[in-house]
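Undergrad: this one's sequence-less:
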């Protein structure tokens, strides 16, 4: 038996290409093992102002083992078409690749790959010899049973499961000597960061392609203020090359619509590298923002409300930085923390107050008993303190939080609580490990932290490295008006830290509440309506379902500001207004309903992590599963199964069975579940794509 080890970093485009490669290279008859996953997680870098973050992918590309017997030369991508349609920030992207295979070897492989962070896979279509096989979404355990049964009977199988928020694994076992077309579709909400929406489309076919084209359609009801597009590629030395597209590649059809396209020739692709284009096609745009209640779109009984007012002065903030300086931070982690903090301190604004808490076995405070007002002298003094950080001993995690809360309590008490409702108090904690001193039980830390914060302050948690307990940090932040972010240990870690703070450095509103009329809107259907804060350059999005028969909705938004006191604004949306703008051939079909389902599932999964009650967890999971199945989303609870209909010849060949004897009765059950006759002489071929939680691939192919 031959084993080939390949380490691969896969983009979304490569997902399709590898699926195609594995489909066309044969129906496995002698495979006995899935691949072995090795390596560490790929870094998801927070980008600088240009959002350039491909250095990590280049490093991984360098680790590819080219001394393999994998018959890549026999696989040629004849065409690659990517169509991305955005309607009111909701984006539907299809990647269609056609491969021609001249090889005849049988193979099975399980791959790990990464998709866009906010994306849900929705469809997979595979066309073999003129026959199209469409995917079905099943509950994860049921899909796994179908896969096992089909494989035991020697059928070509493929299963798709999500094991984490961003990563997936793919396993395929299929026919050889074919021309195959595969279309993978995913949907996502484009988030506004630093004043722009960004759609980043990966192009990494690892060869030049005769027919390569990307088309991106944008429809934004508020009106587009600017649209930019470029190609980002990476040199061998890691340098990022940005090539702006010519203006004739961007067609502004109207103030609300744009078409961006990219169609390089093979010669143009070859100038990038011997493997053609290895990079990202990036589209960045923004819409008109004013000081008002935002924009509401209403289509087919569902609405989506985008809220991003401008013309508001920043809210003053109190920030306590809580930094882990335990022994495990020695070296690169602490070095990068120092670099990041020097940048972050410069981002503090006039009117802000701050302090720094350090924790290892014990806890120390930079300026005891007080919050320090931002000034040039205080920033200089704080930087000197940061430069002198040293790591040692254990991790008194809760002690650091407790000291930070005490500082904020003292500040508000000394000011007679006059700033509680007009400023934002936040704690930002950075740690790389498990609590090992003081209170060490994570459940107890969550409980105690919630009690002492008492819904007054926002707690942001940053997990440094691969050993952190992400579920613990996410729950801790989620229960205390904050968010969790993983920081990957890398030469760019300081950029990740500084960029995170930049995202939350300028609060414009606090305690934002959305109020909808209960006789017009099904209140129980509405996604998140209360937000602790609204930051500059971002956007708040709410979606819901109208009461039957209604075709217009209004919303009242209330929040605290720094210069206007309590703001109270209103927005109105109607079916007529929406249909005149967003309904055309390039629009995402039923985008309001699908965006509502998308946001609701995201919210249910988030709540399921942070709630304590077991019954409530089960209820949230059941509802998320129900919506995932209904709207055909691959989530951590579901799998995507592609099913080939029964063979028209009615013949079954069990000689390819890889898991012992095929049980005809089990196979009959399998067939009936997919509309087959229940006759075990009929043949069916489910394909299983398994998407899971690592990004750096260590793939072992055996044959």
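TA: Good, I have the coordinates. Computed from a predicted model, the values in this text were never measured in an experiment.
Undergrad: The residue nearest to residue 608 when sequence neighbours are not counted: helix or strand, and which one exactly?
TA: The shortest distance from residue 608 to any non-neighbouring residue, by CB to CB, 6 or more residues apart in numbering, is to residue 620 (4.2 Å). Bear in mind the C-beta positions are built from the backbone N, C-alpha and C, glycine included. Under the criterion DSSP states H and E, the helix or strand holding residue 620 is helix 614-630.
Undergrad: now the nearest residue to residue 203 once chain neighbours are set aside: how far from residue 232?
TA: Leaving out its chain neighbours, the residue that sits closest to residue 203 by CB to CB, 6+ apart is residue 277, at 4.9 Å. Counting by CB to CB, to the nearest Å, the gap from residue 277 to residue 232 is 10 Å.
Undergrad: between those two, which one's more packed in?
TA: More neighbours surround residue 277 than the other of residue 277 and residue 232, with 27 against 20 (other CB atoms under 10 Å).
Undergrad: Now the phi/psi pair for the more buried one, please.
TA: Torsion angles at residue 277 (phi, psi; degrees, to the nearest 10) stand at phi -80, psi 130.
Undergrad: what sits against it?
TA: With contacts defined as CB atoms under 8 Å, 6 or more residues apart in numbering, residue 277 is in contact with 203, 204, 205, 212, 231, 233, 264, 269.
Undergrad: The fifth one contacts residue 283, correct?
TA: No. Residue 231 is not in contact with residue 283 according to CB atoms under 8 Å; the separation is 10.7 Å.
Undergrad: More neighbours: which of these two?
TA: When residue 231 and residue 283 are compared for neighbours, residue 283 comes out ahead with 26 against 19, by other CB under 10 Å.
Undergrad: Which elements pack onto the strand or helix carrying the more buried one?
TA: Using DSSP H and E, residue 283 maps to strand 279-287. Secondary structure elements in contact with strand 279-287, counted by 3 or more CB pairs under 8 Å, 6 or more residues apart in numbering; DSSP states H and E, are strand 196-203, strand 211-219, strand 224-234, strand 257-262.
Undergrad: That strand - what's its average pLDDT?
TA: The pLDDT scores in strand 279-287 average 93.
Undergrad: about what we covered before: in ChimeraX, how would I select just the buried ones from the contacts of residue 277?
TA: ChimeraX command restricting those to the buried ones, with burial defined by 16 or more other CB atoms under 10 Å:
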select :203,204,205,212,231,233,264,269
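Undergrad: of the contacts of residue 277, closest to residue 585?
TA: residue 212 (22.9 Å; CB to CB).
Undergrad: Burial check on residue 117, number of neighbours?
TA: Counted by other CB under 10 Å, the residues lying close to residue 117 total 12.
Undergrad: Tell me the secondary structure at it.
TA: Look at residue 117: counting by DSSP: H, G, I helix; E, B strand; the rest coil, its state is coil.
Undergrad: again, but for the one 4 residues further on
TA: When the structure is reduced to helix, strand and coil (three-state DSSP), residue 121 reads as strand.
Undergrad: and if you look at residue 241?
TA: strand.
Undergrad: how far away is it from residue 116?
TA: 22 Å.
Undergrad: for residue 426, same thing?
TA: Distance of residue 426 to residue 116, given as CB to CB: 28 Å.
Undergrad: The two: who's more crowded?
TA: Comparing residue 426 with residue 116 by other CB under 10 Å, the one with more neighbours is residue 426, at 23 against 19.
Undergrad: Leaving out the residues flanking it, which one is nearest to that one?
TA: In space, and not counting its chain neighbours, residue 426 is closest to residue 458: 4.5 Å by CB to CB, 6+ apart.
Undergrad: Would you mind giving me the confidence score for the one you found?
TA: For residue 458, the predicted pLDDT is 97.
Undergrad: so what's it up against?
TA: 424, 425, 426, 427, 480, 481, 482, 532, 533.
Undergrad: Can you lay out the residues you listed as a markdown table showing distance to residue 224 and secondary structure?
TA: Formatted as a markdown table, these follow (distance: CB to CB, whole Å; DSSP: H, G, I helix; E, B strand; the rest coil):
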| residue | distance to residue 224 | secondary structure |
| --- | --- | --- |
| 424 | 31 | strand |
| 425 | 37 | strand |
| 426 | 33 | strand |
| 427 | 38 | strand |
| 480 | 37 | coil |
| 481 | 33 | coil |
| 482 | 33 | coil |
| 532 | 30 | strand |
| 533 | 27 | strand |
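Undergrad: what's the closest of those to residue 452?
TA: Once CB to CB is applied, the member of the contacts of residue 458 that ends up nearest residue 452 is residue 480, at 9.7 Å.
Undergrad: so who does that closest one touch?
TA: Contacts of residue 480 (CB under 8 Å, 6+ apart): 449, 450, 453, 455, 457, 458, 459.
Undergrad: Give me the phi and psi for it.
TA: Torsion angles, degrees, to the nearest 10, at residue 480: phi -130, psi 40.
Undergrad: Run through the stretch 551-700 of the chain and note the low-pLDDT ranges.
TA: For the stretch 551-700 of the chain, the stretches with pLDDT under 70 are 576-583, 642-700.
Undergrad: This completes my enquiry, with thanks.
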